[in-house]
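Chemist: Starting from these lines, generate the structure:
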Amino acid sequence: MSAGAAKFLNAFAQSLATMGLYKGGHPARQRAIDHSFEQLKRLQENDPSPQFSFLGLDVIYGKSALRELKDWDWGLRLANAGVQRLEFPKHVSRDEYEAFLDEVLGRVSAVAVESVTRSPERRSTIKFGAIGVRGTEGVQRVEDLLPTATIAYSLGEEADAIRWLHDEVQMTGELPLLEAESVVRSLAVAMHGDRDIVIPLLQIKEFDQYTTTHSLNVSVLAMALAEYIGLGPKDVRAFGVAGLLHDLGKVRIPKEVLTKPGKLTDEEWTIMRRHPVDGAKIIFESDRQLDLASAVAYEHHIMIDGGGYPARHFRREPHRASKLVHICDVYDALRTNRPYRPAWESERVLEQIERGAGPDFDAELARAFIKMMRQWERRVAVVDDKTPLPQMASAAQSAVDKAVAAAKAAARASNTVGALRDGAEAREAGPGDANPGGTSGDSGSAGVSVGA
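Modeler: Numbers count the residues shown, from 1 in each chain. All right, here's what the predicted structure looks like:
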């Protein structure tokens, strides 16, 4: 099906290029439109409602990346013009399709659409525009099409995709790579739905959803930190994939061990400590090009001072991505409610990471993470997997403050959307605050063990 999607997009781009050269009614123009409309109809024979997203030079069809169109320059042109997403309904007429092409061409070329081909109001069933903006159905004004694309963005599909991915790995032992990459691209869109970055962190509803939620949160935090320290887009996404898959080995841990509320036995702890090795093996055997993600899965519990696990015959420094993911892993683990302890406040966790900088965490990355989380505290949104993400509508600080205040008010009313609260608890972390078997990081300072 991806081949049909690529054929349609190439024909779609060709029709836009031809329409830019010839006026309405010219035979070459009509032939190009007819050809792309025919490719759309063929695609719809197998996929009645195709959806496309353009993220820079990446083209996403549904939830999968179109590798045939890697570095497709039209994707970048469309995204830069604000056309980041296309949704086609089951039934599209030839006339409606041509009017849609006229509108997109106007966006891409910044040329006004001819009056003979436009109407001040029309009923549009083809949806297009910027990702992350809630829109409306029915009558749309032409000038409103770009800012009111009818796509409300939440993390529900991403959470479902990760649950499915974990089930597939558990049943087949193989990692569906395209789905993992698509989830990371989707998370990147959620983080950049407007001019300011947003850090969306999922809150768990049930304790057995922890691994899914934690994987998404660590991926988001890893990409945010990678971007904050100045890494390029490809490295940011690679770190995001590594964060998403860092705990993949937990699919082989019995559920009763993974979700046990009490202290683990020595035997159960041995089982829990196998997940870095199991995860690295699953990733590497599924796709050897994922060597970075495999290394992070193996190393994310290794401390800077050599502690942690798995045990190694020869001591060596973990990869920078492993150090970065380790910090994000511990932060989200301590920020999450667990059966054996309540979630810590954000500032308390940051103070814990600050104390562990050097022996537990890479000092430079720990300082960068702490600075990022304090600087971007206003941009952190804690949501469930059904709530549309709050969008930062203006770069002005006053507008940001209003958006955050509204999000916090909604959180108090519905218990579904909120921002991380200010302030830190004064008490020090004690040995009984965490269970070594239940979460996903080890923090050796102050007697805190964050677990598996």
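Chemist: for the one helix or strand Ile282 maps to, which positions count as buried?
Modeler: For Ile282, the element it lies in under DSSP states H and E is helix 275-286. Within helix 275-286, the residues scored as buried using 16 or more other C-beta atoms under 10 Å are 275-276, 278-284, 286. (Glycine included, C-beta is placed from N, CA and C.)
Chemist: can you tell me how far the closest residue to Val257 other than its chain neighbours sits from Phe88?
Modeler: The shortest distance from Val257 to any residue other than its chain neighbours is 4.9 Å, reached at Glu268 (C-beta to C-beta, 6 or more residues apart in numbering). As for Glu268, its distance to Phe88 is 51 Å (criterion: C-beta to C-beta, to the nearest Å).
Chemist: What of Arg312?
Modeler: Taking C-beta to C-beta as the measure, Arg312 falls 53 Å from Phe88.
Chemist: In terms of neighbours, single out the busier of these two.
Modeler: Comparing Arg312 with Phe88 by other C-beta atoms under 10 Å, the one with more neighbours is Phe88, at 22 against 12.
Chemist: For Gln14, which non-adjacent residue is spatially closest?
Modeler: Nearest non-adjacent residue to Gln14 (C-beta to C-beta, 6+ apart): Ala32, at 5.7 Å.
Chemist: I figured the one you found was touching Gly20, is that so?
Modeler: No - counting by C-beta atoms under 8 Å, Ala32 sits too far from Gly20 to count as a contact (10.3 Å).
Chemist: Which of the two has more residues huddled nearby?
Modeler: Neighbour count, other C-beta under 10 Å: between Ala32 and Gly20, Ala32 has more, with 23 against 12.
Chemist: you'd agree the residue nearest to Val257 is in a strand?
Modeler: No - under DSSP: H, G, I helix; E, B strand; the rest coil, Glu268 sits outside any strand and is assigned helix.
Chemist: Correct me if wrong: it contacts Lys260.
Modeler: Yes - distance between Glu268 and Lys260: 7.0 Å, which falls inside the contact criterion (C-beta under 8 Å).
Chemist: what's the closest residue to His246 other than its chain neighbours in contact with, if anything?
Modeler: Leaving aside its chain neighbours, His246 sits nearest to His300 (4.8 Å; criterion: C-beta to C-beta, 6+ apart). Under the criterion of C-beta atoms under 8 Å, 6 or more residues apart in numbering, the contact list for His300 reads 246-247, 276, 322, 325-326, 329, 441.
Chemist: Can you pull out the low-pLDDT segments for the chain?
Modeler: Filtered on pLDDT under 70, the chain yields the residue ranges 1, 56-57, 110-124, 130-155, 193-198, 200, 202-209, 381-452.
Chemist: Domain parsing of it, as residue ranges.
Modeler: Domains of the chain are assigned by automatic domain parsing as 2-144, 156-447.
Chemist: Tell me which of those sits most buried.
Modeler: Among these, judged by mean count of other C-beta atoms under 10 Å, the one packed with the most neighbours on average is domain 156-447 (a mean of 19).
Chemist: and the contacts of His300, which of them are in helices?
Modeler: When those are checked against helices using DSSP state H, the ones located there are 276, 322, 325-326, 329.
Chemist: and the nearest residue to Leu245 once chain neighbours are set aside, what element?
Modeler: Leaving aside its chain neighbours, Leu245 sits nearest to Ala293 (4.9 Å; criterion: C-beta to C-beta, 6+ apart). Using DSSP H and E, Ala293 maps to helix 291-299.
Chemist: what angle sits between that helix and helix 275-286?
Modeler: An angle of 160 degrees separates the directions of helix 291-299 and helix 275-286 when computed by axes from the mean of the first three to the mean of the last three C-alpha atoms, to 10 degrees.
Chemist: Which secondary structure state is assigned to Val59?
Modeler: Taking three-state DSSP as the rule, one finds Val59 in the strand state.
Chemist: thinking it is in contact with Leu76, fair?
Modeler: No - under the criterion of C-beta under 8 Å, Val59 lies out of contact with Leu76, with a separation of 9.8 Å.
Chemist: so the most centrally placed residue in the chain is in which element?
Modeler: When the chain is reduced to its mean C-alpha position, the closest residue under C-alpha atoms, centre = their mean turns out to be Leu187, at 1.4 Å. In this structure, Leu187 is located in helix 177-191 according to DSSP H and E.
Chemist: Once you drop chain neighbours, what's closest to Ala17?
Modeler: Ala32 (7.9 Å).
Chemist: again but with Glu98, I slipped
Modeler: Nearest non-adjacent residue to Glu98 (C-beta to C-beta, 6+ apart): Ile33, at 5.4 Å.
Chemist: how close does that neighbour get to Lys90?
Modeler: Computed with C-beta to C-beta, the distance linking Ile33 and Lys90 is 20 Å.
Chemist: Could you pull up the residues touching Leu324?
Modeler: 222, 225-226, 239, 362, 365 are the contacts of Leu324 under C-beta under 8 Å, 6+ apart.
Chemist: The residues you listed in helices, which ones?
Modeler: For the contacts of Leu324, membership in helices holds for 222, 225-226, 239, 365, with DSSP H as the criterion.
Chemist: tell me which of those is nearest to Gln84?
Modeler: Ala226 (21.6 Å; C-beta to C-beta).
Chemist: separation between that closest one and Phe284?
Modeler: Distance, Ala226 to Phe284, by C-beta to C-beta: 22 Å.
Chemist: coming back round to it: helices or strands up against the helix holding Leu187?
Modeler: Contacts of helix 177-191 with other secondary structure elements, assessed using 3 or more C-beta pairs under 8 Å, 6 or more residues apart in numbering; DSSP states H and E, are made with strand 51-55, strand 58-61, strand 64-65, helix 156-172, strand 199-202, helix 210-228, helix 233-245.
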